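Chemist: What follows is a protein structure lacking sequence information:
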């Protein structure tokens with residue numbers, strides 16, 4: 001809301017008896033002398049944009065978390081010691097697809113709603129390390145890595161899957177592939193679930209940042225309300241003064257409320 005909207009909203013009723021000439025003069029004076037409203041509105045717009053971005057990030061992380069949980073230690077324990085090859089291949093494929101979607105969302109937020117939020121880059125980096133902790137090296141005791149089971153990283157940053165290689169790796173060592181993702185809390189899926197939980201839980205960093213922004217928005221809105229009251233008082237005082245000047249035929253130029261009180 002710009003200052004002219006403040007004027008329209010807060011003094012149109014109380015100065016409705018003033019002439020158009022007086023109203024125009026009041027608006028001109030206040031537009032030139034009051035700069036608080038644009039600054040408050042800019043800060044509120046920035047906070048609301050960031051808040052929207054955090055909501056989108058939270059949603060994307062939660063969606064990915066579901067895919068990661070299907071391969072994590074708890075899910076593996078329920079499934080038993082002998083993983084089904086077809087189900088395992090599908091879960092791995094889904095996990096990679098969901099990770100690519102999450103990464104695309106984060107890249108978009110870094111250019112859009114969260115471009116001024118330095119924390120989103122840190123989150124993306126942490127998730128990347130959790131998803132591929134080996135970076136081409138040994139991931140666990142079986143020496144399996146994402147690359148060795150057919151998951152490679154092209155130049156655009158999205159993971160690609162060689163389905164035939166994945167199926168071959170699972171056929172040769174299904175337990176090893178399962179442990180690559182669920183390994184006593186140290187597998188890839190285990191790490192991803194842990195990382196995301198630390199972000200989206202009630203005490204997580206995203207929730208804390210969201211709470212801090214909401215607090216700032218409340219503070220800005222309180223300042224905006226105070227400014228609105230001040231603008232209303234000033235507009236009414238100026239309208240009264242200019243009306244009196246018009247009636248007496250005397251004008252002293254555009255005055256501010258400060259001038260009137262001195």
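Modeler: Nice, I can see it. Worth saying up front: this structure is predicted, and the values here are computed from it rather than measured.
Chemist: Test my guess that residue 227 contacts residue 40.
Modeler: Yes. Contact criterion CB atoms under 8 Å: residue 227 and residue 40 qualify, at 6.6 Å. From N, CA and C alone the C-beta is placed, and that goes for glycine too.
Chemist: Low-confidence regions, the protein specifically.
Modeler: For the chain, the stretches flagged by pLDDT under 70 are 1-18, 31-36, 74-83, 134-142, 155, 249-262.
Chemist: let's see 80
Modeler: Applying pLDDT under 80 to the chain flags the ranges 1-37, 73-83, 133-143, 154-157, 227-228, 230-239, 242-262.
Chemist: What segments of the stretch 151-262 of the chain are helices?
Modeler: 163-172, 174-181, 188-200, 205-248, 257-261 (DSSP state H, counting those that start in this stretch).
Chemist: mind checking which of the ones you listed is nearest residue 113?
Modeler: Among the helices of the stretch 151-262 of the chain, helix 205-248 comes nearest to residue 113, with 12.0 Å by CB to CB.
Chemist: need the helices of the stretch 151-262 of the chain in CSV with mean neighbour count and distance to residue 100, can you?
Modeler: Output for the helices of the stretch 151-262 of the chain, formatted as CSV (neighbours: other CB atoms under 10 Å; distance: least, CB to CB, whole Å):
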stretch, mean neighbour count, distance to residue 100
helix 163-172, 15, 15
helix 174-181, 22, 16
helix 188-200, 21, 13
helix 205-248, 16, 21
helix 257-261, 12, 59
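Chemist: What distance do you get for residue 99 to residue 48?
Modeler: 29 Å (CB to CB, to the nearest Å).
Chemist: quick one, which of those two is more surrounded?
Modeler: Neighbours per residue (other CB atoms under 10 Å) separate residue 99 from residue 48, with residue 99 holding more: 22 against 14.
Chemist: what's the helix or strand hosting the more buried one packed up against?
Modeler: Following DSSP states H and E, one finds residue 99 within helix 85-111. Under the contact definition 3 or more CB pairs under 8 Å, 6 or more residues apart in numbering; DSSP states H and E, helix 85-111 sits against helix 36-69, helix 119-131, strand 160-161, helix 163-172, helix 174-181.
Chemist: Name the residues of that helix that come out as buried.
Modeler: Buried residues in helix 85-111, counted by 16 or more other CB atoms under 10 Å: 88-89, 91-92, 95-96, 98-100, 102-103, 105-106, 109.
Chemist: Export these to a markdown table and append columns for distance to residue 198.
Modeler: Listed next are these as a markdown table, based on distance: CB to CB, whole Å:
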| residue | distance to residue 198 |
| --- | --- |
| 88 | 26 |
| 89 | 29 |
| 91 | 23 |
| 92 | 23 |
| 95 | 19 |
| 96 | 22 |
| 98 | 18 |
| 99 | 17 |
| 100 | 22 |
| 102 | 15 |
| 103 | 18 |
| 105 | 18 |
| 106 | 16 |
| 109 | 19 |
